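*Asks:* Pasting the sequence and the predicted model now:
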Amino acid sequence: MKIIADMHTHSVASTHAYSTIKEMAEAARDAGLEYLAITDHTPASTDGPHVWHFHNLHKAVPRELFGVRIVYGAESSVADYEGHLDFPDKECAALDWIIGSVHLDILQSGTLVQNTETYLGLAENPLVDVIGHCAATKFVFDYETGIKAFKEHDKLVEINESTLLWKNAEGNYRKIIPLCKKYGVNVIVNTDAHFYASVGQVSQSMKLLREYDYPEELIVNLSGERILERLRRKNKEIFR
């Protein structure tokens, strides 16, 4: 199994990331990727760029770099226990790809019920494509309830390589992945790269999915056609 799209990456516009979009795209080409999503943090985040960064993506950044299709996106933080995002709906709607993630500088972990309600609210947001790194060890929720909601609302559950490598989240993924398999949930394997050398490098995530014999047809970014189908739900003309 090999991913053909890395749909969660950060450029220098997120100030704790260290590579330009050009460098990220070159790395995507070298990794054999067809698609690269640039998903910098939103302005309310501690290290987020000005909103103009997102407004200008369509004008400044080509749709293809080094043979890789570039997807304009954002990683928006969850702002409250109802699952609202910190980025206005009109801004999310103007982009190709939205990852909704809990970040503890924006929303601290609450009770199990509060945390679960957070993810249920996030699942109901039609502008959210991906549930970002939900195995974070300090924001635990009722996984079965949440994953059933992700299935109901057709959200992609992210298997996040960076979380596996440095957030010690493997134990939670070992609870989440079997539940995703049980309920037939589509997942997406992303790096959350903050430096160009990480783009497309998802060996630990793939190892874990193989261990659970996760169905390839439910790993969306093994297929360019499935990524394109997802993108065209928002923009029918993208990559025509």
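*Replies:* Sure thing, it's come through.

*Asks:* Residue for residue, what is the longest helix the chain has?
*Replies:* Counting by DSSP state H, the longest helix found in the chain is helix 170-183.

*Asks:* what's next to the helix or strand just after that one, contact-wise?
*Replies:* Moving toward the C-terminus from helix 170-183, the next helix or strand (DSSP states H and E) is strand 187-190. Residues outside strand 187-190 that contact it (C-beta atoms under 8 Å, 6 or more residues apart in numbering) are 3, 6-9, 130, 156-161, 177, 180, 202, 205-206, 209, 214, 218-221. In short, each C-beta sits where N, CA and C put it, glycine included.

*Asks:* What separation is there between Glu75 and Asp40?
*Replies:* Going from Glu75 to Asp40 by C-beta to C-beta, to the nearest Å gives 7 Å.

*Asks:* helices and strands around the helix or strand of the chain with the lowest mean pLDDT, which ones?
*Replies:* Using mean pLDDT, DSSP states H and E, helix 161-166 stands out as the lowest-scoring helix or strand of the chain, at a mean of 90. The contact analysis (3 or more C-beta pairs under 8 Å, 6 or more residues apart in numbering; DSSP states H and E) places helix 161-166 against helix 203-211.

*Asks:* which residues touch the helix it packs on?
*Replies:* Contact with helix 203-211 is made by 1, 3, 159-161, 164-165, 170, 173-174, 177, 187, 189, 219, as judged by C-beta under 8 Å, 6+ apart.

*Asks:* burial count for Lys175?
*Replies:* The local packing of Lys175 (other C-beta atoms under 10 Å) involves 14 other residues.

*Asks:* again, but for Ala93
*Replies:* Neighbour count of Ala93, defined by other C-beta under 10 Å: 11.

*Asks:* residues contacting the closest residue to it other than its chain neighbours?
*Replies:* Excluding the flanking residues, the one nearest Ala93 by C-beta to C-beta, 6 or more residues apart in numbering is Leu127, at 6.0 Å. Counting by C-beta under 8 Å, 6+ apart, Leu127 makes contact with 85, 89, 92-93, 98.

*Asks:* can we see that at 10 Å?
*Replies:* Leu127 makes contacts with 76, 85, 87, 89-93, 95, 98, 100, 234, as judged by C-beta atoms under 10 Å, 6 or more residues apart in numbering.

*Asks:* Helices along this structure, start to end?
*Replies:* Under DSSP H, the chain gives helices at 21-30, 51-60, 89-93, 112-123, 143-152, 161-166, 170-183, 203-211, 224-231.

*Asks:* and the fifth one, what other elements does it pack with?
*Replies:* Helices and strands touching helix 143-152, by 3 or more C-beta pairs under 10 Å, 6 or more residues apart in numbering; DSSP states H and E, are helix 112-123, strand 130-131, strand 156-160, helix 170-183.

*Asks:* From the chain's centroid, how far away is stretch 133-143?
*Replies:* Distance of stretch 133-143 from the chain centroid (C-alpha atoms, centre = their mean, to the nearest Å) equals 15 Å.

*Asks:* what does stretch 72-84 give?
*Replies:* That offset, for stretch 72-84, works out to 11 Å (C-alpha atoms, centre = their mean).

*Asks:* Dump that stretch to CSV, restricted to CA.
*Replies:* The C-alpha atoms that make up stretch 72-84 are tabulated as CSV, following Å, rounded to 0.1, in the frame of the first residue of the first chain:
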residue,chain,number,x,y,z
TYR,A,72,-5.7,24.8,-1.2
GLY,A,73,-6.8,24.0,2.4
ALA,A,74,-6.6,24.8,6.1
GLU,A,75,-6.4,23.1,9.4
SER,A,76,-9.0,24.8,11.5
SER,A,77,-9.1,24.3,15.3
VAL,A,78,-12.2,23.4,17.2
ALA,A,79,-13.2,26.4,19.3
ASP,A,80,-15.7,25.0,21.8
TYR,A,81,-17.4,21.9,23.1
GLU,A,82,-20.1,22.1,20.5
GLY,A,83,-17.6,21.5,17.8
HIS,A,84,-17.6,24.9,16.1
